[in-house]
Each structure stands twice: as C-alpha cells, then as structure tokens.
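# Model the structure of this input:
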Amino acid sequence: MKEEITFINFRKEHGLELIQLWRKSFAQAMGIEEDTREEAVNEHLAYLQTYNPEIIRVALEKNKNQIVGFMAKEENTIKDLFIHVDYQRKGLGSSFIQQAKKEEEFLTLSTFQLNKGAQEFHNFIIS
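Presented below is the predicted three-dimensional model:
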C-alpha cells in the first residue's frame, strides 16, 4: 500500500501521539536512549500545550491515520521540525520547509550540534 501523506492543522487530540513521535525522533537523532517515563512524557506534553496550536502543522499518513511528522513555525522561525523515524529521508522535511517558504521570504531554524542528520538536511535545504 502506497503512503498517502496529508498536511493538516494540529488538534489537541494529536498531543500525545505527537509527543511520542517527537521524543523518539529526538532520541534517535541525538544517539540517546528515549526517556519513556510517564512523568517525562507528561512534562513534554505540558510543554507542547504552551504552544499556540495555530503554529503547528502535522503530516498524517492517511492509510494508517498516523502522525508521521510535524513542524512548529512561529512567524519566520521554525521552532521544531520532527519526522517519524520510519518516514525520514522520504521528502517530508523538505515538504514542510517548502510550505514554510511559501509563507515567509526568510526562515530561521537551528539544531543541536550533535544532530548531524539535521545539519546535513539544513545544508541540503539551503543549497
């Protein structure tokens, strides 16, 4: 079955699934073990709830009804861009960036020094 990805606005019911994707993707990128403790997940969920939901776009795999990526963009700053580990290197990150470029002439984004994959992606996007 071919993947069918659609981009939608974030809804509160996406919260936990989005956080799980975020944590797993971050842990893999940083080469650390994912912290799955309930209190850590709940703290992260509380942090997500401080975001204005209107700044978050979600990539949804329609056939599985599964979140496979998200981007939080506030004005010209991409605060967060995370792709599900099974969907990386398939063009989703580029699709998010292209959407952001349609809205803003200039974009700012940053990454952790240890996240070499994200740095390579950012260099690819700007070249």
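# Please pull out the lowest mean pLDDT helix or strand from this protein.
The weakest-scoring helix or strand in the chain, judged by mean pLDDT, DSSP states H and E, is helix 116-126 (a mean of 53).
# For the one helix or strand residue 24 maps to, which outside residues touch it?
Assessed by DSSP states H and E, residue 24 sits inside helix 15-30. Residues outside helix 15-30 that contact it (CB atoms under 8 Å, 6 or more residues apart in numbering): 10, 33-36, 41, 44-45, 48-49, 56, 58, 66-70, 80, 82-85, 88, 112, 114-115, 117-118. Where you see a C-beta, it was placed from the backbone N, CA and C, and this is true even at glycine.
# In strands, which of the residues you listed appear?
Within those, residues falling in strands by DSSP state E are 56, 58, 66-70, 80, 82-83.
# In this structure, which residue is most central in space?
Residue closest to the average C-alpha location in the chain (CA atoms, centre = their mean): residue 82, at 2.5 Å.
# Can you tell me how far it is from residue 40?
16 Å (CB to CB, to the nearest Å).
# what does residue 52 give?
23 Å.
# Looking at those two, which is more packed in?
residue 40 (13 against 9; other CB atoms under 10 Å).
# Quick one: residues contacting the more buried one.
For residue 40, no contacting residues are found, by CB under 8 Å, 6+ apart.
# 10 Å - rerun?
19, 23, 34 (CB atoms under 10 Å, 6 or more residues apart in numbering).
# before we move on, the earlier item: restricted to buried residues, select the ones in strands among the contacts of helix 15-30 in PyMOL.
Buried residues within the ones in strands among the contacts of helix 15-30, by 16 or more other CB atoms under 10 Å, are selected in PyMOL with:
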select buried, resi 56+58+67+68+69+70+80+82+83
